[in-house]
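S.K.: Here is my input, please return the structure:
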Amino acid sequence: MTVLETTKAPGAIGPYSQGYAVNGFVFTSGQIPVDPVSGQIPEGIAAQADQSCRNVGAILEAAGSGFGKVIKTTCFLADMGDFAAFNEVYAKYFVSKPARSCVAVKALPKGVLCEIEAIAAE
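M.R.: The predicted structure is shown next:
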């Protein structure tokens, strides 16, 4: 097992890693829309979905993988009313249309609007 760590995605804010590569697969931790350089969170669902996707992409890249190798994602939204706007951004990154679950949750860390985790082939 290889622990994944990159400065191109935000560091873990708890007792977990950004992800793992094991047996030909990559597992990312859920990525919230924190800019890894500034630590800032953008406003609005479109900007937050974009940053969350970029954070997932950075971890996939650190593992030698990429969006085209994603098998499954799990997406969390603070408001299902953001579903269409979220999907519009998500579709630009996950063009291979991996299997996906998308659920509304009561709250997300730091009050963000979305979080994305992924499983990919290496």
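S.K.: all contacts plus neighbour counts: C-alpha atoms, from now on.
M.R.: OK.
S.K.: longest helix in this protein, by residue count?
M.R.: Assignment by DSSP state H gives helix 45-62 as the longest helix of the chain.
S.K.: strands paired with the helix or strand just after that helix, and their directions?
M.R.: Counting by DSSP states H and E, the next helix or strand C-terminal to helix 45-62 is strand 70-77. If you go by DSSP bridges, strand 70-77 pairs up with strand 99-104 (parallel), strand 114-121 (antiparallel).
S.K.: so what's I13 scoring on pLDDT?
M.R.: pLDDT for I13: 78.
S.K.: what's the spacing between it and Q40?
M.R.: In this structure, I13 and Q40 are 14 Å apart, going by CA to CA, to the nearest Å.
S.K.: Equivalent analysis for A85, please.
M.R.: For A85 relative to Q40 (CA to CA), the value is 21 Å.
S.K.: ok so, going back, quick check: which of the strands paired with strand 70-77 is buried the most?
M.R.: The highest mean neighbour count among these, using mean count of other CA atoms under 10 Å, belongs to strand 114-121: a mean of 24.
S.K.: and for that one, what are the contacting residues?
M.R.: 24-33, 45, 48-49, 52-53, 56, 60, 65-67, 69-78, 108 (CA atoms under 8 Å, 6 or more residues apart in numbering).
S.K.: if you set the cut-off to 6 Å instead, what comes out?
M.R.: 24-32, 69-77 (CA atoms under 6 Å, 6 or more residues apart in numbering).
S.K.: Buried subset of the residues you listed as a ChimeraX selection?
M.R.: A single ChimeraX command selects the buried members of these (16 or more other CA atoms under 10 Å):
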select :25,26,27,28,29,30,31,32,69,70,71,72,73,75,76,77
